[in-house]
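Participant: Turn this into a model:
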Amino acid sequence: MTPPTLDALDLKLLQALELDGRAPFSRIAQVLGVSDQTVARRFRRLRTAAHLRVTGVSDDSRLGLTSWIVRLGCSQNTATQLAITLAGRPDTHYIDLVAGGTEVVCAIRPRNRQERDEVLLERLQRTPHITSVSAHCILHTYYGNSLRWLRKISALDPDEETALRAPVPPPTRTPIALDAADQTMLDVLRRDGRATLTELQAATGLSDNVLKRRLENLRSTGVLHLAVEYDHEPLGRGVEALCWLTVAPQSLAEAGRAIAVHPEVRFAAAVTGRTNLVVSVLCRTTADLYTFVDEKIGALTGIHTAETILTLRRVKTLTSEAR
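Facilitator: Prediction:
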């Protein structure tokens, strides 16, 4: 099936939601110079045409938690079932089938050391048909988390972007503690980042004024940011890949910052393991991917090795169940 074509207003709306996923349609409409009804209608259309979803995401680094990227080699014809099984776990997201269907890559967010050890040291090691396990702890993110790829499509002009951008949370020195009400709010927002105060009130039992203060606190501290999930094909980006790079330690930070600015890059992070820099890219074609590897990765200082693997199918997104 041919993916739908998105016009300039569709792209502006996507980028506006990336800048502030809870921005009222009236505010977006005013900045873009269209009616509220037009923005609402386009939003509904994008939910169908591009499977658009706005989801609330917690920043684990601000909660004192660590995230992992795990590569799982699989015996023949078992990767799909393994990916579906992993998708049922609440601590997994971004589960991909890669490398000809013989490898699963997933992100894991254990809530504590016990959960980390249970999944990495015990459960995965005992799972049948897994031939290899490579776990990489995310040490530093150069692009990702609250910074997402739609910011790089440059659909909005500078004045529009300034008017729609949410305030940037300041860095934190100590982990932020959440209570049960905060956790409940985050659970609701993970399913729908634009959930109304009425929906949040039904889940928490808190008053509107208390909810507004708590929601603002979650956002202003950086614990909560809003992510936009969508199909890439309507944006002309049908080729998704992971690049695993081995970089000399003295060149790691410079390489991470340099690679993060490229428009193809949607995630870049320093990680533990033999490959210490992982980069997720979106390209139009495999020829464009080759150019990216040849010219942009090739231009980095201190690169010793580079492994590129294509993503064949995403089995689980940030908050979805297995597809």
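Participant: Strands of the stretch 1-150 of the chain, start to end?
Facilitator: All strands of the stretch 1-150 of the chain, identified by DSSP state E, counting those that start in this stretch, fall at 53-58, 68-74, 92-98, 103-108, 130-143.
Participant: Pull out the buried residues from the longest one.
Facilitator: It stands for strand 130-143. Going by neighbour count (16 or more other CB atoms under 10 Å), the buried part of strand 130-143 is 130, 135-138, 141-143. The way it works is simple: take the backbone N, C-alpha and C, and place the C-beta from them, glycine included.
Participant: T48: which of these is nearest?
Facilitator: Among these, Y143 lies closest to T48 (CB to CB), at 29.3 Å.
Participant: Which residue, other than its chain neighbours, is closest to the closest one?
Facilitator: Nearest non-adjacent residue to Y143, counting by CB to CB, 6 or more residues apart in numbering: A260, 3.8 Å away.
Participant: I'd like to know which of the strands of the stretch 1-150 of the chain lies nearest to A248.
Facilitator: Among the strands of the stretch 1-150 of the chain, strand 130-143 comes nearest to A248, with 15.6 Å by CB to CB.
Participant: any residues touching the very next helix or strand once past that closest one, and which ones?
Facilitator: The helix or strand immediately downstream of strand 130-143 is helix 158-164, counting by DSSP states H and E. Residues from elsewhere that reach helix 158-164 (CB atoms under 8 Å, 6 or more residues apart in numbering): 12, 15-16, 19-20, 23, 27-28, 31-32, 156.
Participant: Return the distance of helix 158-164 from the chain's centre.
Facilitator: 23 Å (CA atoms, centre = their mean, to the nearest Å).
Participant: Kindly report the same for stretch 170-179.
Facilitator: Using CA atoms, centre = their mean, the offset of stretch 170-179 from its chain centre is 21 Å.
Participant: Next, the buried residues of it.
Facilitator: Those would be 176, 178, for stretch 170-179 by 16+ other CB under 10 Å.
Participant: Please export the C-alpha coordinates of that stretch as CSV.
Facilitator: The C-alpha trace of stretch 170-179 is given here as CSV (Å, rounded to 0.1, in the frame of the first residue of the first chain):
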residue,chain,number,x,y,z
PRO,A,170,17.1,22.7,33.9
PRO,A,171,19.5,19.9,34.7
THR,A,172,19.1,18.1,38.0
ARG,A,173,21.9,17.1,40.4
THR,A,174,19.9,14.6,42.5
PRO,A,175,17.3,12.0,41.5
ILE,A,176,13.7,13.1,41.7
ALA,A,177,11.3,11.1,43.8
LEU,A,178,7.8,10.3,42.7
ASP,A,179,4.8,9.3,44.8
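Participant: re earlier: in this structure the residue nearest to Y143 contacts A268, no?
Facilitator: Yes. Between A260 and A268 there is a contact under CB atoms under 8 Å: 4.6 Å.
Participant: Comparing these two, which residue is more hemmed in?
Facilitator: A268 (26 against 18; other CB atoms under 10 Å).
Participant: A helix includes the more buried one, no?
Facilitator: No. Counting by DSSP: H, G, I helix; E, B strand; the rest coil, A268 is not part of a helix but strand.
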